[in-house]
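Asker: pasting the sequence and the predicted coordinates here, then a few questions.
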Amino acid sequence: MRIPLIIANWKMNKTDTRVRRYMEDFLPLVKEIANREIAIAPPFVSLITLRNLIVGTGIKLCGQNMHWEYEGAYTGEISGTMLSEIGCSYVILGHSERREFFGETDERVQKKLQAAISAGLTPILCIGEKDFERDAERTFIVVEYQLRKALGGINLAPSRHLVIAYEPVWAIGTGRTAKPEQANEVHIFIRELLENIYNPDLASKIRIIYGGSVTPDNIGPLMSKEEIDGVLVGGASLDAEKFSRIVRFHIE
């Protein structure tokens, strides 16, 4: 059985002081939560602060991005090994904002994916279509292309892990959310692709999560779908009370 994975992506938000205040409010709200996994991706400068605050809580540390090289003259970048050594379990790769604002290509995402796995991290691979692509009924074409390009040459041994985040670009930060049926349909398609790329047994163990204007109001309907294994939360994760309600979706 795939354990639900709820990830907070804080993006370029929160200073160290605000991280501390947030966790003071958040931790008491989720201390009784079981049967799900929580991960938080703060800005790089707060990774160590957050690591120290979540000791013993079971919450996992997540990086928002990384470079594909182990080390070198890459000013402003960090490596997967750096993330791993300070306690990160996960790293987000190929997020739509990285693709749109920083020119991240499918080829670079593939290189980062391989480097993350080599560093012992679990990559959270983001894929998804833009609004004009959905309107043109090209969702499945775009998703398949991005997935195959990212996973090309990637050998997922039984001990390795991978998370796929389906994030329709038209739903990120817009207030628009894919209907649960729409999201589940794409998740089913992704699962079938993974079976084709690898094998049914491995594909059944990979969590496929949804990202795109997730809120306390729509988390229940989304998580009621069999193939939605969790969520990648942006804006709503910046508020401790709202994010705790998302984490507690089936308890309320």
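Answerer: That came through, no problem.
Asker: can you count the residues close to E77?
Answerer: 14 (other Cβ atoms under 10 Å). The C-beta positions use only the backbone N, C-alpha and C, and glycine is treated the same way.
Asker: that's a helix at it, yeah?
Answerer: No - going by DSSP: H, G, I helix; E, B strand; the rest coil, the assignment for E77 is coil, not a helix.
Asker: you'd agree it is up against H67?
Answerer: Yes - counting by Cβ atoms under 8 Å, E77 does reach H67; the two are 4.0 Å apart.
Asker: for I251, give me the pLDDT.
Answerer: On pLDDT, I251 comes in at 47.
Asker: likewise for G153?
Answerer: Taking G153 on its own, its pLDDT is 87.
Asker: make residue 1 into 51 and carry on from there
Answerer: Happy to do that; since the first residue is 51 now, the last one works out to G203.
Asker: residues touching it, list them.
Answerer: G203 makes contact with 160, 164 under the criterion Cβ atoms under 8 Å, 6 or more residues apart in numbering.
Asker: next, give phi and psi for it.
Answerer: The phi/psi pair for G203 (degrees, to the nearest 10) reads phi 80, psi 0.
Asker: how close does it sit to G153?
Answerer: 22 Å (Cβ to Cβ, to the nearest Å).
Asker: can you check N115 too?
Answerer: Separation of N115 from G153 (Cβ to Cβ): 13 Å.
Asker: cool, K255 as well?
Answerer: Separation of K255 from G153 (Cβ to Cβ) stands at 33 Å.
Asker: okay, these two: which has more neighbours?
Answerer: More crowded of K255 and G153, by other Cβ under 10 Å: K255, with 14 against 8.
Asker: so that one sits right up against R52, yeah?
Answerer: Yes - if you go by Cβ under 8 Å, K255 and R52 touch, sitting 7.1 Å apart.
Asker: surely W118 and I167 touch.
Answerer: No - at 11.1 Å, W118 does not count as touching I167 under the criterion of Cβ under 8 Å.
Asker: SS state for H211?
Answerer: Recorded secondary structure, H211: coil (three-state DSSP).
Asker: same deal with R295?
Answerer: Applying three-state DSSP: R295 is helix.
Asker: can you pull the pLDDT of it?
Answerer: On the pLDDT scale, R295 gets 97.
Asker: do H211 as well
Answerer: For H211, pLDDT reads 85.
Asker: which residue is the nearest non-sequential neighbour of it?
Answerer: Distance criterion Cβ to Cβ, 6 or more residues apart in numbering; nearest residue to H211, sequence neighbours excluded, is T172 at 4.2 Å.
Asker: residues contacting that neighbour?
Answerer: 139-141, 166, 211-213.
Asker: give the contact list for E179.
Answerer: 188-189, 192-193, 218-220.
Asker: where do the strands sit along the stretch 101-250 of the chain?
Answerer: 110-113, 138-143, 172-177, 213-216 (DSSP state E, counting those that start in this stretch).
Asker: which of the contacts of E179 count as buried?
Answerer: Applying 16 or more other Cβ atoms under 10 Å to the contacts of E179, the neighbour count classes 189, 192-193, 218-220 as buried.
Asker: select, from the residues you listed, the two members most distant in space.
Answerer: Put simply, by Cβ to Cβ the two of the buried ones among the contacts of E179 set farthest apart are V193 and W220, 13.4 Å from each other.
Asker: I'd like the mean pLDDT over stretch 218-235, please.
Answerer: Mean predicted lDDT for stretch 218-235 stands at 82.
Asker: I should have written stretch 268-280 there, sorry.
Answerer: 95.
Asker: nearest residue to G170 in space, please, no chain neighbours.
Answerer: Using Cβ to Cβ, 6+ apart, the closest residue to G170 is S134 (5.1 Å).
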